[in-house]
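Colleague: With the input below, show me the fold.
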Amino acid sequence: MRLKPMMNIENENMAQAAVQRILKNLKYPNVVLSLSHSDYLVSLGGTEKVLHEEQAEFEKREISYVQLHAWAARDEPWWKGYPDQLVGVNVDSTSVGHYGMIQLALILRWLQSSQEACVVACHVHHLMNFSPSGVAHLLGTLQVPRIRVFLHDYYTICPQFNLLREGREYCGADCHDCGTEERRTPHFSMMKRFFKDLEAEFVAPSQIAGDIWGKAFPEHAEKVRVVPHQNGSERRISFSRSGITSPGYRPRIAYLGYESVNKGIEAWRGLVSSPDLKKKYAFYHLGAAGIRLSGVKYVAVSFLEEGPDAMVKALQKNRIDIALLWSIWPETYSFTVFEAFAANAFVLTNEVSGNIAAQVRESGRGMVFGSEGALFHLLQDASGLKALLEEHFKRSRAIDLSFNGRLAEESAKDKRPRSFFAHAGPSERDGLRQESAEWGRLMGAVELETARAEQMEEMTKRILSLEKTLSGLNPQASQGDLQSKEEYVSLPAERPSQQMIDETVRYLRRHPRLKHLTTTLLNTLWRCALKAKKMREG
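Modeller: As a prediction, this is how the structure comes out:
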């Protein structure tokens with residue numbers, strides 16, 4: 001007999017619709033879960049590129065790819081202490097909307113209980129904006145057999161993911177005299193608790209990333225495994241540059257990727273602002289750009305629109321001789337250094353750039369500098385650099401790159417056979433469901449959590465709307481935080497709406513599990529009121 005709590009028809013219909021949005025988009029019953037800080041269908045970062053390639057590798061092996069990304073979440077430790085949060089969900093590269101973390105865990109468990117799907121692995125790519133306790137609940141509910149945590153950057157060590165002190169200088173994971181220390185301490189403690197009870201392997205894309213992370217988490221250092229994102233093989237032919245040493249030839253230097261201080265944009269701007277260097281070199285920016293500088297040719301590059309080899313093609317098409325990869329933090333991998341190698345460009349970098357410097361030293365396909373001054377000194381000697389380039393193009397060949405499918409291949413060994421999912425026809429399966437107490441209990445829980453997720457989404461949208469209003473008010477007004485509900489109520493003349501605050505307080509009493517949402521809403525209301533008051537007084 002099916003066990004089900006008394007629920008209204010509306011909740012039942014919402015729950016069934018939520019389940020069907022996932023089920024109808026699953027191409028295959030074997031599933032891998034992927035968690036990351038952003039939606040890989042719209043974002044252009046290196047982590048998102050990995051997810052695109054990874055999804056394709058799993059599809060080759062008939063494994064569906066379900067990605068979760070935090071939606072409208074905060075990164076403060078107090079917020080992340082709550083297990084439930086809204087997440088965006090993509091199923092085999094199709095967005096299926098927003099789900100509560102607990103709701104999603106129950107739906108996936110229900111699909112497993114119904115033998116509609118089976119989660120064979122979970123790839124935790126990035127925990128930014130995720131609640132570790134929520135992720136732990138998801139993994140525990142599903143009893144995922146293989147969990148991999150990826151070290152794309154150093155976020156699990158510090159919320160300043162690239163370990164730049166004040167966003168300017170690599171700190172070496174030393175929090176002394178760092179403005180991030182107050183945030184880093186609870187953050188690091190939360191991560192240590194999360195990893196303590198997690199049966200997982202940690203995947204680093206380079207040795208340098210694994211070494212830095214292992215020093216911060218020595219208790220897990222032996223579980224770190226180095227798996228590069230790509231495989232590369234040299235071509236038999238090389239792309240030579242004719243006349244490169246002639247007096248009239250201006251070598252082409254390119255900045256690759258998006259504009260960012262941590263990627264070396266300030267050093268780049270220093271180069272292109274030099275009138276002397278403009279006479280000696282042609283400057284290019286390949287990738288996303290905001291500020292356009294005089295004397296630079298800009299070329300838009302997007303792997304979302306042009307495919308995974310978009311940057312390699314752009315480098316070859318524009319006949320780039322030199323790639324400036326001046327990251328000021330230890331990059332854990334850097335797709336751009338391998339893309340530069342693939343196009344046979346000569347790479348200029350610094351000794352702090354992590355895997356970029358390591359790959360340049362190992363391959364001999366560029367130079368590593370100790371300072372910007374040393375870089376400028378080399379560039380001033382254009383004839384000497386041309387001689388280095390000529391020698392480089394004579395001995396070095398372009399490289400063919402392909403994504404490393406090793407992990408997908410390993411997960412394919414854990415796939416359930418088709419007979420596991422097709423053990424009975426539809427009528428027999430329905431009969432098995434109705435006889436299963438667990439199936440009925442799970443379906444009832446899904447209905448409850450689906451209704452709660454709808455309320456969470458409505459509350460979150462309200463917060464976002466209020467914060468948009470808040471950002472439009474006088475930016476010079478106080479940004480204070482709400483110390484208590486009583487402090488807000490003490491501003492009766494300034495609060496935006498008595499009805500809204502009363503409703504929010506009642507909601508908090510009915511749904512204590514959503515305290516982080518209601519408290520944020522109260523805080524936002526209070527800040528809106530305080531800003532409005534400052535504007536009137538000013």
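Colleague: contacts and neighbour counts: CA atoms only from here.
Modeller: Will do.
Colleague: Tell me the bridge partners for the closest residue to Ala453 other than its chain neighbours.
Modeller: Nearest non-adjacent residue to Ala453, counting by C-alpha to C-alpha, 6 or more residues apart in numbering: Gly100, 5.0 Å away. With DSSP bridges as the criterion, Gly100 is bridged to Leu86.
Colleague: what about Gly100, neighbour count?
Modeller: 25 (other C-alpha atoms under 10 Å).
Colleague: how near is it to Leu448?
Modeller: Distance, Gly100 to Leu448, by C-alpha to C-alpha, to the nearest Å: 11 Å.
Colleague: so how many other residues sit close to His152?
Modeller: Neighbour number of His152 under other C-alpha under 10 Å is 22.
Colleague: Next up, the contacts around it.
Modeller: Thr47, His125, His126, Ala204, Pro205, Thr332, Tyr333 (C-alpha atoms under 8 Å, 6 or more residues apart in numbering).
Colleague: export those residues to a markdown table and tack on secondary structure?
Modeller: Below are the contacts of His152 laid out as a markdown table (DSSP: H, G, I helix; E, B strand; the rest coil):
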| residue | secondary structure |
| --- | --- |
| Thr47 | helix |
| His125 | coil |
| His126 | coil |
| Ala204 | strand |
| Pro205 | coil |
| Thr332 | coil |
| Tyr333 | coil |
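Colleague: what's the closest of those residues to Val31?
Modeller: For those, the minimum distance to Val31 (C-alpha to C-alpha) is 16.0 Å, reached by His125.
Colleague: Please name the residues that touch that closest one.
Modeller: His125 neighbours (C-alpha under 8 Å, 6+ apart): Ser34, Leu35, Ser36, Thr47, Val149, Phe150, Leu151, His152.
Colleague: give me that answer again for 10 Å
Modeller: 34-37, 47-48, 50-51, 148-153, 203 (C-alpha atoms under 10 Å, 6 or more residues apart in numbering).
Colleague: just checking, which of those residues belong to strands?
Modeller: Ser34, Leu35, Ser36, Arg148, Val149, Phe150, Val203 (DSSP state E).
Colleague: Am I right that the second one is in contact with Val124?
Modeller: Yes. Using C-alpha atoms under 10 Å as the test, Leu35 is close enough to Val124 to be in contact (4.9 Å).
Colleague: joint contacts of those two?
Modeller: Contacts common to Leu35 and Val124, judged by C-alpha under 10 Å, 6+ apart, are Gln67, Leu68, Val135, Val149.
Colleague: which secondary structure element contains the third one?
Modeller: Right, Val135. helix 132-142 (DSSP states H and E).
Colleague: list the helices and strands that helix packs on?
Modeller: helix 77-80, helix 101-113, strand 118-124, helix 181-196 (3 or more C-alpha pairs under 10 Å, 6 or more residues apart in numbering; DSSP states H and E).
Colleague: Mean pLDDT and distance to Ala254 added to the ones you listed, as JSON lines?
Modeller: JSON lines is the format used below for those (pLDDT from 0 to 100; distance: least, C-alpha to C-alpha, whole Å):
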{"stretch": "helix 77-80", "mean pLDDT": "66", "distance to Ala254": "40"}
{"stretch": "helix 101-113", "mean pLDDT": "91", "distance to Ala254": "43"}
{"stretch": "strand 118-124", "mean pLDDT": "97", "distance to Ala254": "33"}
{"stretch": "helix 181-196", "mean pLDDT": "86", "distance to Ala254": "35"}
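Colleague: any chance of the ones you listed in JSON lines, plus distance to Glu390 and mean neighbour count?
Modeller: Shown next, in JSON lines, are the helices and strands packed on helix 132-142 (distance: least, C-alpha to C-alpha, whole Å; neighbours: other C-alpha atoms under 10 Å):
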{"stretch": "helix 77-80", "distance to Glu390": "53", "mean neighbour count": "18"}
{"stretch": "helix 101-113", "distance to Glu390": "56", "mean neighbour count": "23"}
{"stretch": "strand 118-124", "distance to Glu390": "44", "mean neighbour count": "23"}
{"stretch": "helix 181-196", "distance to Glu390": "48", "mean neighbour count": "16"}
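Colleague: I'd like those as a markdown table, with distance to Ser302 appended.
Modeller: What follows is these, written out as a markdown table (distance: least, C-alpha to C-alpha, whole Å):
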| stretch | distance to Ser302 |
| --- | --- |
| helix 77-80 | 33 |
| helix 101-113 | 31 |
| strand 118-124 | 24 |
| helix 181-196 | 33 |
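Colleague: Show me the one of the ones you listed that comes nearest Ile253.
Modeller: strand 118-124 (36.5 Å).
Colleague: ends of stretch 353-373, how far apart?
Modeller: 16 Å.
Colleague: same question, stretch 277-295
Modeller: 11 Å.
Colleague: to the chain's geometric centre, what's the distance from it?
Modeller: The gap between where stretch 277-295 is centred and where its chain is centred comes out at 28 Å by C-alpha atoms, centre = their mean, to the nearest Å.
Colleague: do stretch 347-365 as well
Modeller: On C-alpha atoms, centre = their mean, the centre of stretch 347-365 falls 24 Å from the chain's centre.
Colleague: Quick one: residues contacting the residue of the chain positioned farthest from its centre.
Modeller: Distance from the C-alpha centroid of the chain peaks at Pro247, with 45.8 Å (C-alpha atoms, centre = their mean). Contacts for Pro247 (C-alpha under 10 Å, 6+ apart) come out as Lys280, Ala382, Ser383, Lys386.
Colleague: Report the secondary structure state of it.
Modeller: Per three-state DSSP, Pro247 ends up coil.
Colleague: May I have the phi/psi pair for it?
Modeller: phi -60, psi -30 (degrees, to the nearest 10).
Colleague: By mean pLDDT, which helix or strand of the chain comes out lowest?
Modeller: helix 485-489 (a mean of 41; mean pLDDT, DSSP states H and E).
Colleague: circling back to that earlier point, and Trp326, which of the helices and strands packed on helix 132-142 is closest to it?
Modeller: Closest among the helices and strands packed on helix 132-142, using C-alpha to C-alpha: helix 181-196, at 26.1 Å.
Colleague: To Arg397, which of the helices and strands packed on helix 132-142 lies closest?
Modeller: Here strand 118-124 is closest among the helices and strands packed on helix 132-142 (C-alpha to C-alpha), at 34.6 Å.
Colleague: Which positions in stretch 263-272 come out as buried?
Modeller: Lys263, Gly264, Ile265, Ala267, Trp268, Leu271, Val272 (16 or more other C-alpha atoms under 10 Å).
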